[in-house]
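Student: 3D, please:
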Amino acid sequence: MTVADTTLVAPTASRRGEAAAASTVGGRVKLFNRICLGVLIAFAILWLIPLAWALDTALKPNAETTKVTWLIQDPTFGAFIRTLRDTDILRWYVASFITSALTAILTVITASLAAYALSRLHFRYKSLVFWAILAGIMIPGQVLIVPQFREMSGLGLLNTFWAVVLPHVPAAVAVFIFKQFFDGLPRDLEEAARVDGAGFWRIYRTIVMPLTRPAVSAVAIFTFVQAWNNLLWPLLVLTNPKLMTIPVGLATVQGAFGIRYADTMASALLGALPLVAVYLLFQRSIVEGIAGTGLKG
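Tutor: A predicted model of the protein is given here:
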């Protein structure tokens, strides 16, 4: 074999080795993806089985709900009709929407302002303030029930929507999400606007906030869902049946239904239906908002 033949064979062997290595890596990646897919499918099934059982029970007559079977001999929407007809669930929808929307809006405003100040302003003990805010994540909400109740009572806000909304507006997690987004935004646009004479509020309102729409969407949706599902606090501060939210109203209805499992499941499904719709409509914003918290400047 000549020197020229040796120089031709060496690159060919090298290419074959690279191809074999790439094939091995590709096989491992495919195997990992398949395992992840299998795990996701398993978790999806575990989540869907209770939901399917609730729907199956709600479509049965109350006399059939005592039988542990998936089969429905006489499917009916009677439980849903009775829930809509005999309860104030539509009024509870309105009350829950008002309180949840107000909580989400005020949380976005206050958390974004606090996070923007922590991200852009320079002041003494800024890091200490930020870590003190994050420390609030570790405080259980149940610990604050008594002082918050006394505060709302002292302000004369008991039995009003504001008593439900205001204690849940301060959110350390929302401040963290916004700060991560602000830290990842380039400062060139803000500097250019500042040269043109724009002030702090104008930069925040017209430049920064439009760029953080994924974070705004994520925080608003998570806050809305949390406020919608809240049971303990509205149960304590609301005594007027006309102001009851969905969880409080459903708790009273389920206690009144007793062993009428079809009506209980129907009311639970109707209460959760708006949250499912919100997630299906805004799931892309949720994913973008969570992914964006890892951005760094």
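
Student: residue 190: neighbour count?
Tutor: The number of residues packed near residue 190 is 17, by other Cβ atoms under 10 Å. (C-beta placed from N, C-alpha, C; glycine too.)

Student: surely it touches residue 204?
Tutor: No - Residue 190 sits out of contact with residue 204 when judged by Cβ atoms under 8 Å, with a separation of 9.2 Å.

Student: confidence score at residue 258?
Tutor: For residue 258, the pLDDT comes out at 58.

Student: go on, the one 5 residues further on?
Tutor: In this model, residue 263 is scored at 79, pLDDT.

Student: and it, how many neighbours does it have?
Tutor: A total of 25 residues lie near residue 263 under the criterion other Cβ under 10 Å.

Student: so it makes contact with residue 82?
Tutor: Yes - taking contacts as Cβ under 8 Å, residue 263 lies within contact range of residue 82: 5.8 Å.

Student: helices of the protein, start to end?
Tutor: For the chain, applying DSSP state H gives helices covering 3-58, 78-86, 89-120, 126-135, 145-154, 161-165, 172-184, 188-195, 200-203, 209-211, 213-229, 232-237, 246-257, 261-292.

Student: now do the longest one, average pLDDT.
Tutor: Helix 3-58 shows a mean pLDDT of 73 in the predicted model.

Student: before we move on, the earlier item: just put the helices of the chain in a markdown table and tack on distance to residue 70.
Tutor: As requested, the helices of the chain are exported to a markdown table (distance: least, Cβ to Cβ, whole Å):
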| stretch | distance to residue 70 |
| --- | --- |
| helix 3-58 | 6 |
| helix 78-86 | 17 |
| helix 89-120 | 27 |
| helix 126-135 | 47 |
| helix 145-154 | 41 |
| helix 161-165 | 39 |
| helix 172-184 | 39 |
| helix 188-195 | 57 |
| helix 200-203 | 58 |
| helix 209-211 | 49 |
| helix 213-229 | 28 |
| helix 232-237 | 34 |
| helix 246-257 | 22 |
| helix 261-292 | 14 |
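
Student: looking at those, which is nearest to residue 68?
Tutor: Closest approach to residue 68 among the helices of the chain is made by helix 3-58 (10.0 Å; Cβ to Cβ).

Student: burial check on the residue lying closest to residue 64 once chain neighbours are set aside, number of neighbours?
Tutor: Residue nearest to residue 64 in three dimensions, not counting chain neighbours: residue 73, with 6.3 Å by Cβ to Cβ, 6 or more residues apart in numbering. Residue 73: 10 surrounding residues under other Cβ under 10 Å.

Student: quick check on residue 73: phi, psi?
Tutor: Per-residue torsions, residue 73: phi -80, psi -40 (degrees, to the nearest 10).
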